[in-house]
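Colleague: sharing a sequence plus its predicted fold:
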Amino acid sequence: MGIASMLRRGALALGAAAIVALPALAQRNDPIRIGAVLSVTGPASFLGDPEDKTLRLYVNRINAAGGVNGRPIQLIVYDDGGDANRARTFATRLVEDDRVVAMVGGTTTGTTMAMRPVFEDARIPFISLAGGIEIIDPVSPYTFKTPHTDRMACEKIFSDVRARGLSRVALISGTDGFGQSMRTQCQRVAQAAGITIVADEQYGPRDSDMTPQLTRIRNTQGVEAVVNPGFGQGPAIVTRNYAQLGIRLPLYQSHGVASAQFIQLATPQAAEGVRLPAAALLVAEQLPANDPQRQVLIDYKTAFERETGQPVSTFGGHAYDGLMILVEAIKRANSTDGTRLRDAIRATRGFVGTGGVVNMSATDHMGLDLSAFRMVEIRNGQFVLIGN
Amino acid sequence: MSARWATLIILAVIIGTIPWFFPSGFYFRVAALIWVTALAAVGLQILMGQAGQVSLGHAGFVGIGAYTMALGPKLLGLDVLLCLPLGAAIAGCVAFVVGRPILRLKGHYLAVATLGFGMLVTMVLVNEVALTGGPDGIRIPRPELLGWRIRGGETFYWITGGALLIGVWIALNLQASPSGRALAALHDSEVAARTVGIDVAAHKLRAFVIAAVYGSVAGGLLALMNGFVTPDAAGFLASIEYVTMVVIGGLASVPGAVVGAALLVLLPQTLTFLHEYEQAVIGLLIMLFMIFLRAGIVPGLAALLRRRPA
């Protein structure tokens, strides 16, 4: 009797121990769920598509190499088609239904801002891939971003204008989200950079002729340089019209057109001498051998182009940076708890990514400085790195 | 019991019971999204299904409602909850002013005029960056009622569900009222309606204003739920989606608009596993529905059910 009851009790205790231990065991080999809401289709697909491909490519690579802390990564990607309302629904799905530990995504500033409250409320780290400075300024506790901001692009351009001994600038901006956001930032930082904005023209994103706006700029007294915040076809048409009108002033484009396609659209003749701030990825091979980013950039470029057969873009690079910052933070935190993970991401120092060297802090959830942008000039249809 | 009450009770029972089957909080969000989209679609159904007037700019009114929620507190310092009726009033007034001239148009001309209206709203929202935040959108303050912060998917589920019930109730009553009969008459033949003494212009305008108010309230609730709004909410694609919802659910049917809205909100969520083929499959499904249930889902299925026992 005594033995039987002891056995029974022992079995019960064992069972109870197993029940308590099981979740812990399961957790050790459970995949780490990482979410991504990207604009893979729709008007922002040229951003979202390389981001999607990059995330899938590198998650596969990480898993093939044994995962993170012995656990594989499970990537859950949803396509918001560029729509902020849909992005918000998918963000809720990632948090409530898929129970992700972190999010890398948010292709546009609009979708990012719509999703941010979901992750902030759930205390889950959110690394955005969008440009707008309002994402991280003011800082929200759980929101980070990897791309440089429009403000930095303006500052980079203005410092180059000043280095040429010029100060009176005309703006011609697209009315798309990118163009408007950068226009606002350029106006905001102009004074501090010693720049006077003497003309401010705008064009619609689907306009096919910007000659009237450029003529007005040409007829404005004292313009010394022209800056064109915008992306898509608009800047290419501006560049072409600029050459047709024979305007001799220096023309600056934005990082939004940093692709070979822009030179083709604008024609190499018209684009000759145009300068723009660009991520180092665009001129990876031209970087000096001692540049810390050189190896990272060439590795990413080779991997992406071999896997997808498409030319590399800086936008995919933002996704690479976001994923790698997150993976390193998970390793360092040795945890997937939201707050601990957030602290680990915030402690990122000296991370070398495609966008630059990242040094985050409690007050800086992007961690890039102006050195992340390289000034390039278009010469003979090629982007050429010019000295900082 | 009339069919009107049966429809309302069925809808109330659905809204009241499905939360029991929700495995996670995410489903509250999707369901709330269905109710709020359905509210906008029911408004459009009054205009398209009951009065027979096409509108390709319905999302413009949704946008007016949504942006009032952001701009009322920002510019006038109003409480955000007060902005819901304010947005409805603004949308109603805009519809009254815009409707007078454009409702003289018929068929394709009316479609193009409403399309133009919707695009104008989007252009203002996109271009007036200083006011509306431009294409990147604008934040909406979190609502507070007597010190209680309204938030969370579950709360909004009940708010939007209640709003939809009221909206459907009004729409069904309208359909059965003398006004609704007049709308049905001018839907079938404007000339005949005028001959029997119906003030065609006034009835059309009334339907247009009612549709605008529905759209605006839906937009306002959507904005409250999201805490954020971008010009997409007022965009051309959104307008087309509302028309699709009304047509696919059944033009002549108020519950049809709800079913159409549910379908178009749910499809993108359930088909995510198809990745890049998702949009194509959604398009294909819509085509199949239109081929096999030509009168729309609700009237089509009702006809099938009636035929079977015989």
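Modeller: That came through fine. Numbering: from 1, shown residues only, chains lettered A, B, ... in the order given.
Colleague: can you name the residues of the stretch 1-150 of chain B sitting close to chain A?
Modeller: By C-beta under 8 Å from any C-beta of the partner chain, the residues of the stretch 1-150 of chain B that approach chain A are B:23-27, B:29-30, B:33, B:126-127, B:129, B:134-137, B:139. In short, each C-beta sits where N, CA and C put it, glycine included.
Colleague: what subset of those is buried?
Modeller: B:25-27, B:29-30, B:33, B:126-127, B:129, B:134-137, B:139 (16 or more other C-beta atoms under 10 Å in any protein chain shown).
Colleague: can I get those in TSV with pLDDT and secondary structure?
Modeller: Formatted as TSV, these follow (pLDDT from 0 to 100; DSSP: H, G, I helix; E, B strand; the rest coil):
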residue	pLDDT	secondary structure
B:G25	84	coil
B:F26	89	helix
B:Y27	92	helix
B:R29	91	helix
B:V30	93	helix
B:L33	94	helix
B:V126	87	helix
B:N127	83	helix
B:V129	81	helix
B:G134	83	helix
B:P135	83	helix
B:D136	84	helix
B:G137	88	coil
B:R139	90	strand
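Colleague: in chain B, where is pLDDT below threshold?
Modeller: B:1, B:147, B:150-151, B:308-310 (pLDDT under 70).
Colleague: where do the strands sit along the stretch 51-200 of chain B?
Modeller: Assigned by DSSP state E, counting those that start in this stretch, the strands in the stretch 51-200 of chain B fall at B:138-139, B:144-145, B:148-149.
Colleague: looking at the ones you listed, spot the one closest to B:Y242.
Modeller: Evaluated over these, closeness to B:Y242 peaks at strand B:138-139, with 21.9 Å, by C-beta to C-beta.
Colleague: residue ranges for the helices of the stretch 201-310 of chain B, please.
Modeller: Along the stretch 201-310 of chain B, the segments classed as helices by DSSP state H, counting those that start in this stretch run B:236-249, B:254-270, B:278-292, B:297-307.
Colleague: adding mean neighbour count, write those out as JSON lines.
Modeller: Formatted as JSON lines, the helices of the stretch 201-310 of chain B follow (neighbours: other C-beta atoms under 10 Å in any protein chain shown):
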{"stretch": "helix B:236-249", "mean neighbour count": "22"}
{"stretch": "helix B:254-270", "mean neighbour count": "23"}
{"stretch": "helix B:278-292", "mean neighbour count": "13"}
{"stretch": "helix B:297-307", "mean neighbour count": "15"}
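Colleague: pretty sure A:A199 belongs to a strand, no?
Modeller: Yes: counting by DSSP: H, G, I helix; E, B strand; the rest coil, A:A199 falls inside a strand.
Colleague: hang on, it packs against A:R218?
Modeller: No: here A:A199 does not reach A:R218: they are 9.5 Å apart, not a contact under C-beta atoms under 8 Å.
Colleague: which residue is the nearest non-sequential neighbour of the residue in the stretch 51-200 of chain B positioned nearest to chain A?
Modeller: At 3.3 Å from chain A, B:P135 is the closest residue in the stretch 51-200 of chain B, using C-beta to the nearest C-beta. Spatially, and ignoring its direct neighbours in sequence, B:P135 is nearest to A:G177 (3.3 Å; C-beta to C-beta, 6 or more residues apart in numbering or on different chains).
Colleague: so who does that neighbour touch?
Modeller: Going by C-beta atoms under 8 Å, 6 or more residues apart in numbering or on different chains, A:G177 touches A:108-110, B:134-136.
Colleague: just B:I15 next, same as before
Modeller: Counting by C-beta under 8 Å, 6+ apart, B:I15 has contacts B:35, B:161, B:164-165.
Colleague: got a ChimeraX select line for the buried ones in those?
Modeller: Those of the contacts of B:I15 that count as buried under 16+ other C-beta under 10 Å are selected in ChimeraX with:
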select /B:35,161,164,165
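Colleague: can you list the contacts of B:I15 in JSON lines and add distance to A:S159?
Modeller: Listed next are the contacts of B:I15 as JSON lines, based on distance: C-beta to C-beta, whole Å:
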{"residue": "B:W35", "distance to A:S159": "53"}
{"residue": "B:G161", "distance to A:S159": "56"}
{"residue": "B:L164", "distance to A:S159": "55"}
{"residue": "B:L165", "distance to A:S159": "60"}
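Colleague: B:F208 and B:Q50 touch, don't they?
Modeller: No: B:F208 is beyond contact range of B:Q50, at 11.5 Å (criterion: C-beta under 8 Å).
Colleague: that older thread, pLDDT at the residue nearest to B:P135, what is it?
Modeller: Listed pLDDT for A:G177 reads 77.
Colleague: put together JSON lines for the helices of the stretch 201-310 of chain B, with distance to B:T114 on each row.
Modeller: Formatted as JSON lines, those follow (distance: least, C-beta to C-beta, whole Å):
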{"stretch": "helix B:236-249", "distance to B:T114": "8"}
{"stretch": "helix B:254-270", "distance to B:T114": "17"}
{"stretch": "helix B:278-292", "distance to B:T114": "21"}
{"stretch": "helix B:297-307", "distance to B:T114": "24"}
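Colleague: my guess is A:G322 meets A:I127, correct?
Modeller: Yes: applying C-beta under 8 Å, one finds A:G322 in contact with A:I127, separated by 4.1 Å.
Colleague: tell me, what's touching the two both at once?
Modeller: By C-beta under 8 Å, 6+ apart, the residues touching both A:G322 and A:I127 are A:104-105, A:144, A:146.
Colleague: still on that earlier bit, mean neighbour count, the strands of the stretch 51-200 of chain B: which tops it?
Modeller: Greatest average neighbour count among the strands of the stretch 51-200 of chain B goes to strand B:138-139 (a mean of 20), per mean count of other C-beta atoms under 10 Å in any protein chain shown.
Colleague: who does it pair up with?
Modeller: strand B:228-229 (antiparallel) (DSSP bridges).
Colleague: quickly note the distance from the residue lying closest to B:L84 once chain neighbours are set aside to chain A.
Modeller: Spatial nearest neighbour of B:L84, excluding adjacent residues (C-beta to C-beta, 6+ apart): B:G220 at 4.5 Å. B:G220 sits 14 Å away from chain A, going by C-beta to the nearest C-beta, to the nearest Å.
Colleague: show me what contacts B:G220?
Modeller: Contacts of B:G220 by C-beta under 8 Å, 6+ apart are B:65-66, B:68-69, B:83-84, B:87-88.
Colleague: hmm, try it at 6 Å
Modeller: By C-beta atoms under 6 Å, 6 or more residues apart in numbering or on different chains, the contact set of B:G220 is B:65, B:69, B:84, B:87.
Colleague: pretty sure the first one sits against B:S216.
Modeller: What that stands for is B:G65. Yes: counting by C-beta atoms under 6 Å, B:G65 touches B:S216, with 3.2 Å between them.
Colleague: so what sits against both of those two?
Modeller: B:87, B:91.
Colleague: any idea of the pLDDT on A:I19?
Modeller: pLDDT, A:I19: 48.
Colleague: for the stretch 151-300 of chain A, just list every one of the strands.
Modeller: Using DSSP E, counting those that start in this stretch, strands in the stretch 151-300 of chain A cover A:168-174, A:196-203, A:225-228, A:251-253, A:275-279.
Colleague: does the first one reach chain B?
Modeller: Read that as strand A:168-174. No: counting by C-beta under 6 Å from any C-beta of the partner chain, chain B is not contacted by strand A:168-174; separation bottoms out at 10.1 Å.
Colleague: who does that strand pair up with?
Modeller: By DSSP bridges, strand A:168-174 pairs with strand A:196-203 (parallel), strand A:225-228 (parallel).
Colleague: mind exporting that strand as PDB, just the C-alpha atoms?
Modeller: Extracted C-alpha coordinates of strand A:168-174, given in PDB (Å, rounded to 0.1, in the frame of the first residue of the first chain):
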ATOM      1  CA  ARG A 168      21.500  81.000 -52.600                       C
ATOM      2  CA  VAL A 169      19.500  78.000 -53.400                       C
ATOM      3  CA  ALA A 170      16.300  77.300 -55.400                       C
ATOM      4  CA  LEU A 171      14.100  74.300 -54.600                       C
ATOM      5  CA  ILE A 172      11.900  72.500 -57.100                       C
ATOM      6  CA  SER A 173      10.000  69.700 -55.300                       C
ATOM      7  CA  GLY A 174       7.600  66.900 -56.200                       C
END
